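Asks: I'll drop the sequence and a predicted model, then ask my questions.
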Amino acid sequence: MPLQSLSRAALPELWQSRGFGLYVHWPFCAAKCPYCDFNSHVRASIDQSAWADALAAEIRRCGAQTGPRVLSSIFFGGGTPSLMEPETVEAVLSAARSVWSFANDIEITLEANPTSVEARRFDGYASAGVNRISLGVQALNDPDLRRLGRLHSVEDAEHAFTVARQYFDRVSFDLIYARQDQTLDDWRDELTRALDMAVDHLSLYQLSIEEGTAFWDRAQKGGLKGLPSDDLGADLYELTQELCREAGLIGYEVSNHARPGAEAKHNLLYWRGGDYAGIGPGAHGRLTLNGKRYATEAWKQPETWLARAGSGDAIKTANLLSCQDIAEERLIMGLRLSEGIYLDDITEILDRDRAEALIADGYLWQGAGKIGTSARGRPLLNHLITQLVQA
């Protein structure tokens, strides 16, 4: 069947309809996890007041650039944002409120590590305006937590989850699977336990060995034993989808599962191609200014960023994106979603003949001017993307 597009006039083309968000990067951790390739750093001491002032100044600078907008979501990521003092979070939110309007249903998420010390901060975060917590649990057995370099225990995680539920209606947590020596039965038991705990959202990621991490170096030397085969990895993925579906947490994105209506607004904004300001060391942003879309990236090293933020020069690059650049981003991000992507968002790069062949073979679906990955195609997402881009 030939692909059916909607007219461009019928599509949500403007950034307003896709949402506008703020991402705030806190680059500090108590320890560096061996699998982590994020911009995170360990420091003996942190001047919270200086960081609060710098983050607030950068938000005001960005707000002067964008002009009035309505924020639909704010996300504190890292690093470990739960190392921020509640007063630092409050300063950031106050600055954001001074330059942009907050949507009535704004989602304000803060990532937290489930240690007892950080859990005690939840009261302060809630008072500052945070209304959603994402806990980095990562595993529900202590030996694997130690293997992953985590500083908390399962007991700590359960305590933090209980405390978080006292202050926040929306609490999500992350788990990593396809870990060393993990069997299907192991993961079935662990995920079943997680689903019994979960409120309305879970993020479930397959362990990936990224270049530049301690795990990568260990793997290159043959020291990372017991990683699953490709076949076992695929079976673990299928089991994940099956158990979450049975529990009513639908896989609305490749690694994210939620009850209908509880999807993470901020991440949806990324995947749907909305605008977002990226504030903090190494933070990326996407901003539409005067009808043109820019990709921004801040200076990465915390001390460099802090010094440059003081002079209004914290953004390292702001690159104008071409129509092809935008289409490629929307293909890569949008196909992660179960809702799919508008064909007219990717018309500049789409190989329509290959798309039609993949639909006929059952790897993609089409409808209402969109295409998306089927259950059969989703495990092959990266391969499908390379097939869909015109040579």
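Replies: That came in fine, so what should we check first?

Asks: Now do stretch 241-261: everything it contacts.
Replies: Stretch 241-261 has contacts (Cβ atoms under 8 Å, 6 or more residues apart in numbering) with 188, 191-192, 195, 198, 200-206, 263-264, 267, 271, 336-339, 375, 378, 381. Bear in mind the C-beta positions are built from the backbone N, C-alpha and C, glycine included.

Asks: any idea which residue sits dead centre in the protein?
Replies: Closest residue to the average C-alpha location of the chain: residue 267 at 5.4 Å, with Cα atoms, centre = their mean.

Asks: Based on its surroundings, how many neighbours for the nearest residue to residue 238 once chain neighbours are set aside?
Replies: Distance criterion Cβ to Cβ, 6 or more residues apart in numbering; nearest residue to residue 238, sequence neighbours excluded, is residue 379 at 7.8 Å. Neighbour count of residue 379, defined by other Cβ atoms under 10 Å: 16.

Asks: for residue 379, helix, strand, or coil?
Replies: Under DSSP: H, G, I helix; E, B strand; the rest coil, residue 379 falls in the helix class.

Asks: same thing with the one 4 residues further on?
Replies: When classified by three-state DSSP, residue 383 comes out as helix.

Asks: Residue 196 now?
Replies: Recorded secondary structure, residue 196: helix (three-state DSSP).

Asks: That one and residue 376, how far apart?
Replies: In this view, residue 196 and residue 376 are 29 Å apart by Cβ to Cβ, to the nearest Å.

Asks: Ok, residue 64 next?
Replies: Distance from residue 64 to residue 376, counting by Cβ to Cβ: 48 Å.

Asks: re the thing from before, so residue 196 and residue 376 - more neighbours on which side?
Replies: Set residue 196 next to residue 376 and count neighbours by other Cβ under 10 Å: residue 376 wins out with 12 against 8.

Asks: Excluding residues flanking it in the chain, which one is nearest that one?
Replies: residue 362 (5.2 Å).

Asks: quick one: secondary structure of the one you found?
Replies: coil.

Asks: Pull the contacting residues for it.
Replies: Residue 362 touches 374, 376-377, counting by Cβ under 8 Å, 6+ apart.

Asks: so what pLDDT did it get?
Replies: On pLDDT, residue 362 comes in at 96.

Asks: any idea how far residue 332 is from it?
Replies: 22 Å.
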